[in-house]
Structures are given as structure tokens and as C-alpha cells.
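In: below: sequence and its predicted model.
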Amino acid sequence: DTGVSQNPRHKITKRGQNVTFRCDPISEHNRLYWYRQTLGQGPEFLTYFQNEAQLEKSRLLSDRFSAERPKGSFSTLEIQRTEQGDSAMYLCASSLNFALTEAFFGQGTRLTVV
Amino acid sequence: ELKVEQNPLFLSMQEGKNYTIYCNYSTTSDRLYWYRQDPGKSLESLFVLLSNGAVKQEGRLMASLDTKARLSTLHITAAVHDLSATYFCAVDPRTGANSKLTFGKGITLSVRP
């Protein structure tokens, strides 16, 4: 395990469908983050976990979005009833659970809603 | 609400010349990160700056942090084509354990011969 892994890398879905993304963090990292990035913008924070606990959610995370990290290892991000505005790159990152460390990002899942 | 501003948003650089790009942020923080992103790719960590006056160098890039001015600079020495990418700074406003990052919009650098 050499980095953060995300699947799938690309997803095209029809509006109204549900989608689920998976993130496998670096194995010893306790913290896991989800970000969303749209074209020409920096990543925007969505939510983060410390082990299995979801500690913070952004106001960007509407009730159609849900994230889980059931055993404190991999995480899933589900979007229900997708809308065209959900089209973006969804990035996962992980870090060690103490101060002064940086987060390492996965390759991202690019979602296109048609 | 924390705001992170980067300028300029786009910079065309001539090969071999020196340039400086800036990152300003709106709240107290002594933790700032620089990331690089190539088109269609994820973010690669470049520098972690953890205190006032911190300076880090890697190859042709040097980053510094002035927490009193709430400013970080990324200096590019003798630009080369390989440095063409988008560079993001990100700030962690918390003083405790590592938490979330707020990113700027990024600065796209393009190096021309």
C-alpha cells in the first residue's frame, strides 16, 4: 500500500441515479477526508473522519450526500438522486492523527452527471 | 469564515527567469501547505510550513511563511517547463490536531521557452 486509492476513477451517470465512491486510505492513517473540486477551483472540504467517527460535515454536503467509514479503514461517499451540479472531481485524502502532518490525496473520482 | 487568496491566478513564465507567487489568508494560522496539481491528476504535496518564518526548499522551489502578515510566498528560481502545473496553497486554521484544509483557487503556471 503506497498511497490513497480511489475507485472508480471515472463515473458517468444519468441524472437522478445514485452513485457510490470508495476510498482506501494509507493504512496507518486515522484521518480520512473527502473534498470536491470543480473546474478552475481549489478543492472544497466536504467531510472528515477520525477512525470510524464522522467529525465534521460541510454545509456543501446536502442531505443527498452520505459518507461512511464503518470499520475505520476504507470510506464510501454516496450521492443520491444525482444532479448535473454534482459533476466534479471527488478527492479523498488521509493523514495521521496528530498535529503537524500533511494530508495525502488519492487520484480522485471524476463524476459526470448527464 | 477562512478565506485563502492566491495571486496571480495565471502566470506565464519565461524559461530561466525567477518568479514569486503569493498566498494570503484571512485568519490566524501557523500551518500552511503547498500542493501541485497537473491537469487531470490529483494533488501532490510540496511543502509543509508549520511556524512563522518557516522556509522550505526543494529544487527550484522555495516556500516561506509569515504568519503575522498571513502570507506565504512560493519562489521559483530559473523556471523550467517541468514546473508547468497548478499550485494550490491550503491553510489549516486549527491550533490543535490536524483537521481540514481550506484551499485557494490555485495559480496556474505555464513556462514558455
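Out: Received it, and whenever you're ready, just let me know what you need.
In: pick out the residue closest to the middle of chain A.
Out: residue A:34 (3.3 Å; CA atoms, centre = their mean).
In: okay, and the beta partners of it?
Out: Listed beta-bridge partners, residue A:34: residue A:47, residue A:92 (assigned using DSSP bridges).
In: now the residue in chain B that chain A sits nearest to: closest residue in space, sequence neighbours ignored.
Out: Scanning chain B for proximity to chain A using CB to the nearest CB identifies residue B:103 as nearest, at 3.3 Å. Glycine gets a C-beta too; all of them are placed from N, C-alpha and C. With CB to CB, 6 or more residues apart in numbering or on different chains as the measure, residue A:42 is the residue that lies nearest to residue B:103, at 3.3 Å, once sequence neighbours are left out.
In: and residue 53, how many neighbours does it have?
Out: All of this refers to chain A. 9 (other CB atoms under 10 Å in any protein chain shown).
In: oops, I was thinking of chain B
Out: 10.
In: quick check: phi and psi on it?
Out: phi 90, psi 0 (degrees, to the nearest 10).
In: who's in contact with it?
Out: When contacts are counted by CB atoms under 8 Å, 6 or more residues apart in numbering or on different chains, residue B:53 touches B:64-66.
In: contacts with chain A among these, please.
Out: Near chain A, judged by CB under 8 Å from any CB of the partner chain, there are no entries from the contacts of residue B:53.
In: just among those residues, which is most surrounded?
Out: Counting by other CB under 10 Å, top hit in the contacts of residue B:53: residue B:65 with 27 neighbours.
In: tell me the mean pLDDT for the helix or strand hosting that residue?
Out: Take DSSP states H and E as the rule and residue B:65 turns out to sit in strand B:61-66. Mean per-residue pLDDT for strand B:61-66: 96.
In: so what secondary structure elements neighbour it?
Out: If contacts are counted by 3 or more CB pairs under 8 Å, 6 or more residues apart in numbering or on different chains; DSSP states H and E, strand B:61-66 sits against strand B:43-49, strand B:55-58, strand B:71-76.
In: and those as a markdown table, adding mean pLDDT and mean neighbour count?
Out: Shown next, in a markdown table, are the helices and strands packed on strand B:61-66 (pLDDT from 0 to 100; neighbours: other CB atoms under 10 Å in any protein chain shown):
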| stretch | mean pLDDT | mean neighbour count |
| --- | --- | --- |
| strand B:43-49 | 93 | 20 |
| strand B:55-58 | 95 | 12 |
| strand B:71-76 | 96 | 19 |
